[in-house]
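3D, please:
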Amino acid sequence: NLAQVLVPRRMVEEETNKFNFCGLVCLNARLRPSTPRVISQLKCRVGVSMLTGDTVEAAVAVAQRSNIMPSNEDDDDIDIAILDLCGDRLQWTYLGGASSNPTRAFTKASTSRILSSGMPLVATGSAVEYLSLKSGEGPKSRATELVRRNWDKFQVFARASPHQKVLVASNLKRIGKKILMCGDGVNDVAAMKIADCGVALLNGFDDDSSPATGGGCFVDLENERRLRKLRAKPIGSNRRKFRRHKRTKASTRRAIVKKKINEALRDIRTKAAKSQGIDSPDDPTLKLTTLEIKQTFSEISRINKEERERRLLLRKGGAGAAKILAEEDKGMLKEQAPKSLIGQQNDVDDIKLGEASLVSSFSCLRPAIDGVESILRYGIAATAYIQVVHDRIAQTCITHALTILTTYGHDIRYGKRMDLVDLYVTAFQGEISNQASYSPRPTLSA
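Reported below is the predicted structural model:
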């Protein structure tokens, strides 16, 4: 960690005398527009914490922008309590706010007061490591145990090395928490192996590929994509429209392919009309040559082949699917933002699997945490559906036992037709429950 090495001031002054000052460079890695929205939705159901190797100040600034902790814009007097290791002892430090005493000793009284106050909490990696390895008796040991039982109340863990990230994950599991960790680099691999579920982000995306850069115009592509999926599902007010047009997934895909074919044919006819001196490509007097007819069939074959390969790659997942979705995002971005506001973007060929994908349970095909919300949403729906199925099986067994006892008690045979009726009713109920459970929801609400 070169950023944490203490360099003598005299050495810095001697080295800087050899250079000429030219100016300052300010680097700003913008958050994607979907990040605050997704984290706000996640906080309705689960606790959200940031685990990073950045400094405390940088981590707090990003946490406030992403709604992990309250922002100073909402409350100017908000205090952020930081647990840090100073030398060989722990201490509490207040960041921001209007506190008259910026530091507090690490005692049971001060720790209990801070943990119960509800203020945002930050812990450094060195403090986590010190508390994880410390043992003994005394007042400070009682404060240590108090912190160990409340690791889930810390919103940010800053300046954490890969080993310290593992300690954070282990401490959270020790107090009975289930952990889902999202990461992209080799620094996160060890901690993701400890977590109950890992979600990896692919590498090679442009940092500002989601928002439109250059003019301050930000587009939440993940939210737009989610709304398009909702509009393509027969739920809510869409049921009447789907019932009228009898739309299915296959018909929707055929409509997209047909649109691409029409655009390609339009281009061929436009070039043919221009070469023959005809103003409009829709002129009935326009006749295509043998070469142009051959080109037409080639374009139709190419578009169908690309669609088959696209569906195969999307079903397979991985970097190939991510490249296809990145190309679609570029087209969606051009529709949502003016061309003058769209910045230079990386080539989709740079997208590849990162080190975190080797140990993760899931890999997000886009450079955003919107996939984490989808994983939790579908997990909740699957759990609810399994519980409903188990309850229905128990109810069906009890109903069949009562029916058989009743019919045989009155010398009535339980015939084959009654079995078919029961089977049809059970299958119909299962299909309705399955559709209701897996239908996408607008948000992960409380």
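
only C-alpha atoms for contact and neighbour calcs from this point on.
Will do.

low-scoring stretches of the stretch 201-350 of the chain, by residue?
Within the stretch 201-350 of the chain, the segments meeting pLDDT under 70 span 203-219, 233-252, 318-319, 329-350.

Quick one: the helices in it, in order.
221-231, 238-245, 249-276, 290-316, 319-336 (DSSP state H, counting those that start in this stretch).

Below-threshold pLDDT in the stretch 51-200 of the chain: ranges please.
Residues of the stretch 51-200 of the chain that meet the cut-off, pLDDT under 70, sit at 72-77, 97-101, 135-140.

What are the boundaries of the helices in it?
Under DSSP H, counting those that start in this stretch, the stretch 51-200 of the chain gives helices at 56-65, 108-117, 125-133, 139-148, 162-174, 189-194.

Flag every buried residue along stretch 103-119.
104, 106-108, 111, 114-115, 119 (16 or more other Cα atoms under 10 Å).

And stretch 386-405, by the same measure?
For stretch 386-405, using 16+ other Cα under 10 Å, the buried residues are 388-389.

Same question for stretch 261-274.
Using 16+ other Cα under 10 Å as the test for burial, stretch 261-274 gives 261, 264-265, 268-270, 272-273.

any residues touching that stretch, and which ones?
Taking contacts as Cα atoms under 8 Å, 6 or more residues apart in numbering, the residues outside stretch 261-274 that touch it are 279-282, 286, 288, 292, 296, 299-300, 303.

if we go to 6 Å?
Pro281 (Cα atoms under 6 Å, 6 or more residues apart in numbering).

Using CSV, list the CA coordinates for that stretch.
Taking only C-alpha atoms (Å, rounded to 0.1, in the frame of the first residue of the first chain), the coordinates of stretch 261-274 have been written out as CSV:
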residue,chain,number,x,y,z
ILE,A,261,-34.9,-7.4,-42.3
ASN,A,262,-37.1,-4.6,-43.4
GLU,A,263,-34.4,-2.0,-42.6
ALA,A,264,-31.8,-4.1,-44.6
LEU,A,265,-34.2,-4.4,-47.6
ARG,A,266,-34.9,-0.7,-47.4
ASP,A,267,-31.2,0.1,-47.7
ILE,A,268,-30.9,-2.2,-50.7
ARG,A,269,-33.9,-0.7,-52.5
THR,A,270,-32.6,2.8,-51.7
LYS,A,271,-29.3,2.1,-53.3
ALA,A,272,-31.0,0.5,-56.3
ALA,A,273,-33.3,3.4,-56.7
LYS,A,274,-30.4,5.8,-56.6
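
doesn't Val25 fall inside a helix?
No: Val25 sits outside any helix when classified using DSSP: H, G, I helix; E, B strand; the rest coil, being coil.

How far off centre is stretch 303-313?
26 Å (Cα atoms, centre = their mean, to the nearest Å).

what does it contact?
Ala321.

buried sites along that stretch?
Going by neighbour count (16+ other Cα under 10 Å), the buried part of stretch 303-313 is 303-304, 310, 313.

you'd agree Gln429 is in a helix?
Yes: counting by three-state DSSP, one finds Gln429 located in a helix.

Please tell me how far it sits from Tyr385.
12 Å (Cα to Cα, to the nearest Å).

Quick check on those two: which one has the bigger neighbour count.
Comparing Gln429 with Tyr385 by other Cα atoms under 10 Å, the one with more neighbours is Tyr385, at 19 against 13.

Then that one would be within a helix, right?
Yes: membership of Tyr385 in a helix is supported by three-state DSSP.

going forward, begin numbering at 253 instead of 1
Taking 253 as the first residue, the last one we looked at is Tyr637.

On the pLDDT front, check it for me.
Listed pLDDT for Tyr637 reads 76.

Local confidence estimate at the residue nearest in space to the middle of the chain?
Nearest to the geometric centre of the chain sits Ile621, at 2.0 Å (Cα atoms, centre = their mean). The per-residue pLDDT reported for Ile621 equals 82.

any idea which element the residue lying closest to it once chain neighbours are set aside lies in?
Spatial nearest neighbour of Ile621, excluding adjacent residues (Cα to Cα, 6 or more residues apart in numbering): Thr287 at 6.8 Å. Taking DSSP states H and E as the criterion, Thr287 maps to helix 286-294.

so how far is the first residue of stretch 289-307 from its last?
24 Å.

Relative to Gly631, how far out is the nearest residue to Ser413 once chain neighbours are set aside?
What sits nearest to Ser413 in space, not counting adjacent residues and going by Cα to Cα, 6+ apart, is Gly305, at 6.1 Å. Distance, Gly305 to Gly631, by Cα to Cα: 30 Å.

now do Thr651
From Thr651 to Gly631 the distance is 30 Å (Cα to Cα).

Kindly report the same for Ala442.
24 Å.

out of these two, which sits in the busier spot?
Ala442 (17 against 13).

how far away is that one from Arg400?
21 Å.

do Ile638 as well
Using Cα to Cα, Ile638 is found at 35 Å from Arg400.

again with Thr522
Thr522 sits 72 Å away from Arg400 when distances are taken as Cα to Cα.

that older thread, wait, which of the helices of the stretch 453-602 of the chain is closest to Gln647?
Gln647 lies closest, by Cα to Cα, to one member of the helices of the stretch 453-602 of the chain: helix 490-497, at 30.5 Å.
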